[in-house]
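Asks: Sharing a model prediction with you, sequence too.
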Amino acid sequence: MSRLWAIALNTFREAVRDRVLYSILFFGVGVILLSLALSEVTIGDQDKVVRSVAQGAVDLFANIIAMFLGVSLVWKELDQRTIYTVISKPIPRWMFVLGKYLGLMLTLSAEVAILCVVYTGLMIAQQGAPEPVVFVSMGLLMLQLGLLTAWATLFSSYSNPMTATAFTLAVFVIGHLADDIWVYGSQASSPAVQAIARALYWVLPNFELMDIRPWAVHHRPVPTDRIWPALTYGLGYTAAVLAAAAAVFQKKDVK
Amino acid sequence: MSDVPTIHTEGLSKVYRTGFWMRPHIGLRPLDLRVERGQVFGFIGPNGAGKTTTIKILMGIHAATSGSATLMGKDHRDPESRRSVGFMPERPYFYPHLTGAELLDFYGRLCEVPEPTRSQRARALLERVDMSRAADQPLRGYSKGMLQRVGICQALINDPQLVVLDEPMSGLDPLGRALVRDLILEERAAGRTVFFSSHILHDVETMSDAVAILIGGELRSQGSVPTLLGQVSRGLEIALRLPPGHTPADDAAMEAILGGALRHQPDQRALLRLDHDDADRAAAAVAAAGCRLLALTPLRGSLEDLLLSEIERAGGAARGGRP
């Protein structure tokens, strides 16, 4: 475990010493604070608008950082050839992939925690302490980030960042449209289209299953009936994608 | 256990697939290599000979196309076979965001070196390569020579039984080269095995117990340095006593019989260098010229001569090729 932790810690260190991360984080904090200004030009429930924009900002910037760091996670080690001295140590390749992934998740946890603290501070100053459902929603956001990062790790372990970005972005978009794909498929007249839509629905991730942001924005009670299925689905799917990433990297000839 | 070779390969080969059509390109032809425990083993050959490919396969960076290899008796594909191996790649690529001390701590953790041994060893190694002052500076500010030195430290952080160095002298100034030479010899004195590739043949010749020559992905020679160099003939040097009454005016006629130019020495003696190594023919020529043979010394070639002659024998092949 100490070897896994060493790789994770090194990945975390590398990320937190990268100025680009702070730039994205700075913009995230900026947009959360900007939600106050947006509430001024809104008619209706202004508090809800602030919560919606601010939580959306946390969600968006966490996903941007996950994609930005994830797509180059393994590729950077190959490109800079830092991997030579790592896998020449007694390190199985799956441990390298998992360590890199955990390091990135550690970075994302820190980043979501910072955005969450800014959000909480803003709420306390503007409309009182957030409801518990907000924090449960942030926890499920981590689950979504975990799955997206696993996909980015898989793409990064066999392709360059540009290709990996395109694929990860596709997974992100499709993953948020999964329910629409199902509806579209069931309404199609062609059996072939129906079959393709069904296959896509089951193979590609469904991030909406792990999303309770509408509950958090409207301060509704925690939908407990969604939590366990979301956890089971998210963790199981993530483990499967990571296993695929490890298998791909196991066979890879490092150039 | 002592007769288990530190490195042993049997038929180890590598075929790369390159380009859109994945055309095969031979990186390494079936290689049988045996490196004994405690040896300093030099691995030489021209660029593209397959030296780095071999090292990358042994270090788990590349997968072999066929054949097998063991490190200290363990299958090289098992990461545990590298538990007691230290490796420094051809060019020192390290994490620029880490300091020298953090880098060694990281590699020490990967090798599961416990504390406080890890920090003590890191400090001692940095001191040994004269890098203590730069220990807390980020690697992005290091020169190539400094990276090479810290690279050697990371290779030794786990106190390995086998040290694999790919071009360790590359890019080093004379002081750095002397440092690497001393370290290699220290490792040998401590009973460890050092396997290294280098283009600086003089260093390989003076430090190695055995060498292997690789050309065009193929092993051309392997053995102890004296044995291999004994195979390289640079002719004969003959010391002889000239017949009484011989004068420099008679040199031309005598040189025609002997087959080489005379270099006169005091006391009617002369030295003669012949470009063949047939001692009987030389002795017969000396006798036929009426001279007395005083000494006959075969001239030993250098590793450079051996490599050049192997390249010539291989038809000037310097790179791998299609099967």
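Replies: Noted; the coordinates are in hand.

Asks: low-confidence ranges in the stretch 101-250 of chain B?
Replies: The model of the stretch 101-250 of chain B has pLDDT under 70 over residues B:232-233.

Asks: and if we set it to 80?
Replies: For the stretch 101-250 of chain B, applying pLDDT under 80 flags the ranges B:171, B:229-234.

Asks: Now the stretch 101-250 of chain A against chain B: closest residue?
Replies: When distances are taken as C-beta to the nearest C-beta, the stretch 101-250 of chain A reaches nearest to chain B at A:Gln250, 9.5 Å away. Where you see a C-beta, it was placed from the backbone N, CA and C, and this is true even at glycine.

Asks: Setting the sequence-adjacent residues aside, check what's closest to that residue.
Replies: Sequence neighbours aside, A:Arg93 is the residue nearest to A:Gln250 in space, at 4.9 Å (criterion: C-beta to C-beta, 6 or more residues apart in numbering or on different chains).

Asks: which residue of the chain sits farthest from its center?
Replies: Since you didn't name a chain, this refers to chain A. Within chain A, A:Ser189 marks the point farthest from the mean C-alpha position, 35.0 Å out by C-alpha atoms, centre = their mean.

Asks: sorry, should have said chain B
Replies: Residue of chain B lying farthest from the centroid, by C-alpha atoms, centre = their mean: B:Gly245 (51.2 Å).

Asks: what phi and what psi does the backbone show at that one?
Replies: When read as degrees, to the nearest 10, the backbone of B:Gly245 gives phi 90, psi 0.

Asks: Please, where are all the helices along chain A?
Replies: All helices of chain A, identified by DSSP state H, fall at A:2-16, A:19-40, A:46-70, A:75-79, A:83-87, A:93-126, A:132-156, A:161-176, A:178-187, A:191-203, A:213-217, A:224-250.

Asks: what about residue 34, neighbour count?
Replies: Answering for chain A, as no chain was given. When neighbours are counted by other C-beta atoms under 10 Å in any protein chain shown, A:Leu34 registers 15.

Asks: Hmm, no, I was thinking of chain B.
Replies: 15.

Asks: Model confidence score at the residue farthest from the centre of chain A, please.
Replies: A:Ser189 is assigned 86 on the pLDDT scale.

Asks: how about it, what does it touch?
Replies: Contact analysis of A:Ser189 by C-beta atoms under 8 Å, 6 or more residues apart in numbering or on different chains lists nothing.

Asks: B:Gly11 belongs to a strand, doesn't it?
Replies: Yes. Assessed with DSSP: H, G, I helix; E, B strand; the rest coil, B:Gly11 lies in a strand.

Asks: Any idea which residue is closest to the centre of the chain?
Replies: Picking chain A for this. Centre-most residue of chain A, counting by C-alpha atoms, centre = their mean: A:Leu145, 1.8 Å.

Asks: should've been chain B
Replies: Centre-most residue of chain B, counting by C-alpha atoms, centre = their mean: B:Gly42, 2.4 Å.

Asks: Would you mind confirming that that residue makes contact with B:Val204?
Replies: Yes. Here B:Gly42 lies in contact with B:Val204, judged by C-beta atoms under 8 Å, at a distance of 3.7 Å.

Asks: which non-adjacent residue is nearest B:Glu218?
Replies: Nearest non-adjacent residue to B:Glu218 (C-beta to C-beta, 6+ apart): B:Arg29, at 4.4 Å.

Asks: likewise B:Glu10?
Replies: B:Ser68 (5.2 Å).

Asks: quick one on the thing from earlier: burial check on the residue of the stretch 101-250 of chain A closest to chain B, number of neighbours?
Replies: Neighbour count for A:Gln250, taken as other C-beta under 10 Å: 14.

Asks: Please apply the same query to B:Pro138.
Replies: 16.

Asks: Tell me who's in contact with it.
Replies: Neighbours of B:Pro138 in contact, by C-beta under 8 Å, 6+ apart: B:Pro96, B:His97, B:Leu98, B:Thr99.

Asks: Hmm, the last one is touching B:Arg133, no?
Replies: Right, the one you point to is B:Thr99. No. Using C-beta under 8 Å, B:Thr99 makes no contact with B:Arg133, being 11.9 Å away.

Asks: Who has more neighbours out of the two?
Replies: Comparing B:Thr99 with B:Arg133 by other C-beta under 10 Å, the one with more neighbours is B:Thr99, at 19 against 10.
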